[in-house]
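**Q** Fold the following.
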Amino acid sequence: MRRTSLLALLMAGSSFAQPVAEPAHLWDNMYYIWLFISVVIYLAVFIPGAYFLIKYRYRKGVNEEAQHVKENPTLEVLWTIIPVIIVIYLATQSFAFYKTQRTAPANSFDIKVTAFMWGWQFQYPNGKQVIAFFNMFEDPDTKSYLPLDKIPDTAKAYIPAGVPIKVLLTSQDVIHSFYVQPAKVTEDAVPGRITHMWFKINQPGEYWVFCREYCGTKHSKMAAVLKVVPKEEFEKWYGQPIDSANKVSLNKNF
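**A** Here you go, the predicted structure:
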C-alpha cells in the first residue's frame, strides 16, 4: 500500500512538474503513449500465440487431423474495430502535437539565425548579434568540445528563461539543421528560404545547439551555446551597447 502511494505521488509530481524545455515534453508524452500501446499489442499477440503453441504442439495420436473452424462474427468485428480506434486515436493525438510544436506562441521573442559552414549567426531585433564559429568550441589540442565554462560568454547566444523563442532560419551556403538539444526540436536551414521553429527553456543554464544535417568537413563541430538567463539579466544584456566585435556581418543576411 505504501509503495503504491509513493509511486502515485511520484507519477503525479512528474506530470505537473515544469519541464526543463518545451516542446520536449510533447515528444516525451508521444513516445510513452506509443510505447505503451506497442507493448500492449505485443503482449496481446505474443501471450495467446505462446499459449496455442504449447497447447497444440505435436503429440503423436493427438489432433493429427485438422478441424473445420466456423466463422466468428463477434471476434472479427472486434479485431477490426479495435485497431481502427487505436489508429484514429494515434493519428489525432499526433496531429494535435504537431500543430502545437509548429505554432509559436503569440508572445514569442523572435531571433533570426543564419547557418553557414561552419557556425551560426544569431541576430536580435535591436541589431545585436552573436556569431558562433566552430573553432570557438573546440579544444585545439584534443579536438574535442570545450567544457561550457571554458567558452567565452561573447560566443554564447543569450535568451530569457521561460520565454518562447521563435527562430527564423536560413542558410547562406548548404543545408544545415538547427537542433536545440534540451527542447528536442530541429529544423532545416535552407539557402534561399526562411523556415521557422520555436522552443522555450524554463531553467536558466547553458545548453548546446548542434547541426543535425551533414554539411561538410567540420559538421561535427558546428555547434552553439544558448545561455539561458532570468528575464532581468537578459534585459540588461540586451540593452547593452553593441560592441564592435558584434558588428561583424556575414556575407548575406536576411
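**Q** which residues of the stretch 151-254 of the chain fall in strands?
**A** All strands of the stretch 151-254 of the chain, identified by DSSP state E, counting those that start in this stretch, fall at 156-160, 165-171, 176-180, 185-189, 195-201, 205-211, 223-229.
**Q** other SSEs contacting the fifth one?
**A** Right, strand 195-201. On a contact count with 3 or more CB pairs under 8 Å, 6 or more residues apart in numbering; DSSP states H and E, strand 195-201 meets strand 21-22, strand 165-171, strand 176-180, strand 185-189. Backbone N, C-alpha and C define where each C-beta goes, glycine included.
**Q** got a pLDDT number for residue 134?
**A** Residue 134 carries a pLDDT value of 88.
**Q** Just put the strands of the stretch 151-254 of the chain in CSV and tack on mean pLDDT, mean neighbour count and distance to residue 42.
**A** As requested, these are exported to CSV (pLDDT from 0 to 100; neighbours: other CB atoms under 10 Å; distance: least, CB to CB, whole Å):
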stretch, mean pLDDT, mean neighbour count, distance to residue 42
strand 156-160, 95, 21, 42
strand 165-171, 97, 21, 39
strand 176-180, 96, 23, 31
strand 185-189, 95, 20, 29
strand 195-201, 96, 21, 33
strand 205-211, 95, 18, 33
strand 223-229, 95, 23, 38
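**Q** For those strands, give me TSV that also has distance to residue 40.
**A** Shown next, in TSV, are these (distance: least, CB to CB, whole Å):
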stretch	distance to residue 40
strand 156-160	40
strand 165-171	37
strand 176-180	32
strand 185-189	29
strand 195-201	32
strand 205-211	35
strand 223-229	38
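**Q** With residue 101 as the reference, name the closest of those strands.
**A** Closest approach to residue 101 among the strands of the stretch 151-254 of the chain (CB to CB): strand 185-189, 6.8 Å.
**Q** So which residues make contact with the closest one?
**A** 23-24, 101, 113-115, 167, 169-171, 175-180, 195-199, 212-213 (CB atoms under 8 Å, 6 or more residues apart in numbering).
**Q** what about 7 Å?
**A** By CB atoms under 7 Å, 6 or more residues apart in numbering, the surrounding residues in contact with strand 185-189 are 23, 101, 115, 169-171, 175-179, 195, 197, 199, 212-213.
**Q** ok, back up a step: which one of the strands of the stretch 151-254 of the chain lies closest to residue 61?
**A** Distance to residue 61, taken as CB to CB, is lowest for strand 185-189 among the strands of the stretch 151-254 of the chain, at 62.8 Å.
**Q** if we can go back for a sec, can you redo the helices and strands packed on strand 195-201 as a markdown table with distance to residue 138?
**A** Formatted as a markdown table, these follow (distance: least, CB to CB, whole Å):
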| stretch | distance to residue 138 |
| --- | --- |
| strand 21-22 | 25 |
| strand 165-171 | 21 |
| strand 176-180 | 18 |
| strand 185-189 | 21 |
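**Q** From the contacts of strand 185-189, pick the one nearest residue 160.
**A** Nearest to residue 160 among the contacts of strand 185-189: residue 199, at 12.4 Å, using CB to CB.
**Q** related to what we said a few turns ago, quick one, which of the helices and strands packed on strand 195-201 gets closest to residue 135.
**A** Of the helices and strands packed on strand 195-201, nearest to residue 135 by CB to CB is strand 176-180, at 16.9 Å.
**Q** so what strands line up beside the closest one?
**A** Strand 176-180 pairs in its sheet with strand 185-189 (antiparallel), strand 205-211 (antiparallel), by DSSP bridges.
**Q** As TSV, these with distance to residue 18 would be great.
**A** Supplementary listing: the strands paired with strand 176-180 in TSV, determined by distance: least, CB to CB, whole Å:
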stretch	distance to residue 18
strand 185-189	18
strand 205-211	14
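**Q** Quick one: closest of those to residue 141.
**A** strand 205-211 (20.8 Å).
**Q** returning to that earlier point: what's the closest of the strands of the stretch 151-254 of the chain to residue 148?
**A** In terms of CB to CB, the element of these nearest to residue 148 is strand 205-211, at 4.7 Å.
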